[in-house]
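In: Make a model of this:
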Amino acid sequence: MTRIYEHPILGKAAGEEQVTIIVDGKPYQAYEGEMIAAALLANDIKIFRYTAHHHKPRGIYCGIGRCTDCIMTVDGIPNIRTCITPVRDGMVIETQVGVGEWKRGDLRE
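Out: Model (predicted):
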């Protein structure tokens with residue numbers, strides 16, 4: 001299992017407290033505050049989304065939030081850049097297909 005301990009833009013890894021994230025319905029261990037993409041790679045998950053037109057797999061590319069290859073649906077919100085979004089305990093992450101689909105209610109709730 002490979003883990004990213006220092007990010008060129010975001011700096012050193014966060015704390016050492018382990019948390020559980022749910023990825024496509026399965027629980028995985030991560031460290032509180034580490035980027036979602038880093039947690040996924042540490043758990044040997046390399047495909048984060050599939051493109052809209054050709055359904056090609058995509059994973060992490062730039063790692064600094066500039067591209068959109070690493071976007072996933074997080075807690076029901078599509079198009080979250082996982083390379084710059086920290087994990088938290090109980091976070092639900094889903095492989096995104098195409099442009100994604102909102103799974104949460106109205107944001108004003």
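In: Can you pull out the low-pLDDT segments for the chain?
Out: Scanning the chain with the threshold set as pLDDT under 70 gives 1-5, 7-15, 104-109.
In: could you pull out the strands for it?
Out: In the chain, the segments counted as strands under DSSP state E are 6-7, 11-12, 18-23, 26-31, 49-50, 57-58, 71-74, 77-81, 92-94, 96-97.
In: For I64, find the nearest of those strands.
Out: Using C-beta to C-beta as the measure, strand 6-7 is the one of the strands of the chain that comes nearest I64, at 8.2 Å. All C-beta spots, glycine's among them, are computed from the backbone N, C-alpha and C.
In: May I see the strands of the chain organised as CSV, with mean neighbour count added?
Out: Output for those, formatted as CSV (neighbours: other C-beta atoms under 10 Å):
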stretch, mean neighbour count
strand 6-7, 12
strand 11-12, 8
strand 18-23, 16
strand 26-31, 16
strand 49-50, 20
strand 57-58, 16
strand 71-74, 22
strand 77-81, 17
strand 92-94, 19
strand 96-97, 19
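In: Include distance to A42 when you put those strands into a markdown table, please.
Out: A markdown table is the format used below for the strands of the chain (distance: least, C-beta to C-beta, whole Å):
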| stretch | distance to A42 |
| --- | --- |
| strand 6-7 | 13 |
| strand 11-12 | 15 |
| strand 18-23 | 11 |
| strand 26-31 | 7 |
| strand 49-50 | 18 |
| strand 57-58 | 19 |
| strand 71-74 | 15 |
| strand 77-81 | 18 |
| strand 92-94 | 13 |
| strand 96-97 | 20 |
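In: wait, which of those strands is closest to K103?
Out: With C-beta to C-beta, the closest approach to K103 among these belongs to strand 71-74: 6.9 Å.
In: Pairing partners for the closest one, with directions?
Out: Strand 71-74 has the following strand partners under DSSP bridges: strand 77-81 (antiparallel), strand 92-94 (antiparallel).
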